[in-house]
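> the sequence and its predicted three-dimensional model are supplied below.
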Amino acid sequence: MSMAISVSGLTKRFGERVVVNDLSLNVPAGQIMGFLGPNGSGKTTTLRMLCGLLTPDGGQGRCLGHDIRTEAAAIKRQVGYMTQKFSLYEDLSIQENLAFFARVHGLPKVGVLVRETLERLGLWSRRSQLAAHLSGGWKQRLALAACILHRPRLLLLDEPTAGVDPQARRDFWAELHRLAADGLTVLVSTHYMDEAERCHGIAYLAYGTLLTCGTVDQVVASSGLTTTRASGPPEALARLHQALHGLAGVEMVAPFGRALHVGSSDAQALGAALAPFRHTPDIVWSDDPPSLEDAFIHLMAGVTRTQGQGQGQGQAGAEHG
Ligand SMILES: Nc1ncnc2c1ncn2[C@@H]1O[C@H](COP(=O)(O)OP(=O)(O)OP(=O)(O)O)[C@@H](O)[C@H]1O
């Protein structure tokens, strides 16, 4: 399987602060890789190193076959990078925006290129609409159009659907899958669990360190979590929540509507801790496999504990939003 991205030991410091720490990542060509992690964990910094916008302080590797240290210009030409703050000209139409991008980048046959790209993303019928009048979802789609205009081989998308409604996000992801099916590789950062589950693979970063990488099933399985569900009326659940919170053997209690999700990495300890509550009136217990969110929260809790045990100075700090 050929790798679109293959880097190892990537490290980036800003001053004394290590923001990305010894990160190794392989992304097969044609795959959609989700990049997850708390705010400030180093996702954007990594994306910027991969496309040659930032020079790593340590590590090496290749992106699209080119050395990320010495061949940044060749990489940039073949990458579409959608930043968190992509800008469109609101007083230009969709078509004018794209034509402007195409000319700025010196692309040939602007008219044909713009038309093909707009048709591909279902934007042609709206081509005369001003960017200012587009909904959030259509703006994202236009930004995506601008990113693929020069026919890149790799898309780096930094939270492309933040604040976009579910239908528009679903459409956006359908488009990403179509692009991947045509051979484009996508590395996309997101905070949405449902989006993570739409990826072929996911990588989870915290405090600048890659904590886990694999398919969703692999990541969930590797968490080693055992979880169970308690359902019942709100008052009974609130009492149960209070009783379980901080109880030895229970590492995680989270309310979800009319249920509590309870988990631990020690199945035996969890069983023992919950035994006295199994016959609580009004509460029904049921098996519930861990979710991806459970796995991430569990991973973060482990890292936060480690950080709390004195790794403070000079380390990257995740900003919990
Ligand atoms: N140019 C810079 N100079 C100094 N510090 C920086 C610079 N760029 C990023 N940082 C810091 O590095 C850390 C990682 O930032 P980064 O933007 O890579 O995280 P992120 O995972 O993308 O976060 P988010 O999910 O909020 O977008 C943050 O603490 C940020 O403040």
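That came in fine, so what should we check first? Residues are numbered from 1 along each chain as shown.

> residues in contact with residue 91?
130-132 (C-beta atoms under 8 Å, 6 or more residues apart in numbering). Just so you know, the C-beta spots here come from the backbone N, C-alpha and C atoms, and that holds for glycine as well.

> what subset of those residues is buried?
Taking 16 or more other C-beta atoms under 10 Å as the criterion, what is buried in the contacts of residue 91 is residue 131.

> so where do the strands sit in the chain?
Taking DSSP state E, the strands of the chain run over residues 3-14, 17-28, 32-36, 58-63, 66-67, 79-82, 154-158, 185-189, 201-206, 209-214, 226-231, 252-256, 259-264, 284-287.

> just the helices in the chain please.
For the chain, applying DSSP state H gives helices covering 43-50, 72-77, 94-104, 110-120, 136-148, 166-181, 193-196, 216-222, 234-244, 267-274, 292-308.

> what comes up buried for the longest one?
Which is helix 292-308. Judged by neighbour count (16+ other C-beta under 10 Å), helix 292-308 contains these buried residues: 292, 294-300, 303, 307.

> by contact count, what packs against it?
Counting contacts by 3 or more C-beta pairs under 8 Å, 6 or more residues apart in numbering; DSSP states H and E, helix 292-308 is packed against helix 193-196, strand 201-206, strand 209-214, helix 216-222, strand 252-256, strand 259-264.

> now for the fifth one, which elements pack on it?
What it means is strand 252-256. In this structure, strand 252-256 packs against helix 234-244, strand 259-264, helix 292-308, with contacts taken as 3+ C-beta pairs under 8 Å, 6+ apart.

> for the record, mean pLDDT for it?
When pLDDT is averaged over strand 252-256, the result is 93.

> next, the angle helix 267-274 makes with it.
60 degrees (axes from the mean of the first three to the mean of the last three C-alpha atoms, to 10 degrees).

> so how far is strand 252-256 off the chain centroid?
Mean C-alpha position of strand 252-256 versus that of the full chain (C-alpha atoms, centre = their mean, to the nearest Å) differs by 23 Å.

> alpha carbons only: can I get it in CSV?
Output of strand 252-256 as CSV, limited to C-alpha atoms (Å, rounded to 0.1, in the frame of the first residue of the first chain):
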residue,chain,number,x,y,z
MET,A,252,-16.1,7.1,34.1
VAL,A,253,-19.8,8.2,34.7
ALA,A,254,-21.5,10.3,32.0
PRO,A,255,-25.1,11.1,31.6
PHE,A,256,-26.8,10.6,28.2
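
> CA atoms of the lowest-mean-pLDDT helix or strand in the chain as PDB?
Least confident helix or strand of the chain, by mean pLDDT, DSSP states H and E, is helix 292-308 with a mean of 80. Only the C-alpha atoms of helix 292-308 are listed here, as PDB (Å, rounded to 0.1, in the frame of the first residue of the first chain):
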ATOM      1  CA  LEU A 292     -15.300   6.200  20.500                       C
ATOM      2  CA  GLU A 293     -16.000   9.200  22.800                       C
ATOM      3  CA  ASP A 294     -15.600   6.900  25.800                       C
ATOM      4  CA  ALA A 295     -12.200   5.700  24.400                       C
ATOM      5  CA  PHE A 296     -11.000   9.300  23.900                       C
ATOM      6  CA  ILE A 297     -12.200  10.500  27.300                       C
ATOM      7  CA  HIS A 298     -10.500   7.500  28.900                       C
ATOM      8  CA  LEU A 299      -7.200   8.200  27.000                       C
ATOM      9  CA  MET A 300      -7.300  11.800  28.000                       C
ATOM     10  CA  ALA A 301      -7.900  11.000  31.600                       C
ATOM     11  CA  GLY A 302      -4.800   8.800  31.600                       C
ATOM     12  CA  VAL A 303      -2.700  11.500  30.000                       C
ATOM     13  CA  THR A 304      -4.100  14.200  32.400                       C
ATOM     14  CA  ARG A 305      -3.100  12.000  35.300                       C
ATOM     15  CA  THR A 306       0.400  11.600  34.000                       C
ATOM     16  CA  GLN A 307       0.700  15.300  33.300                       C
ATOM     17  CA  GLY A 308      -0.500  16.000  36.800                       C
END
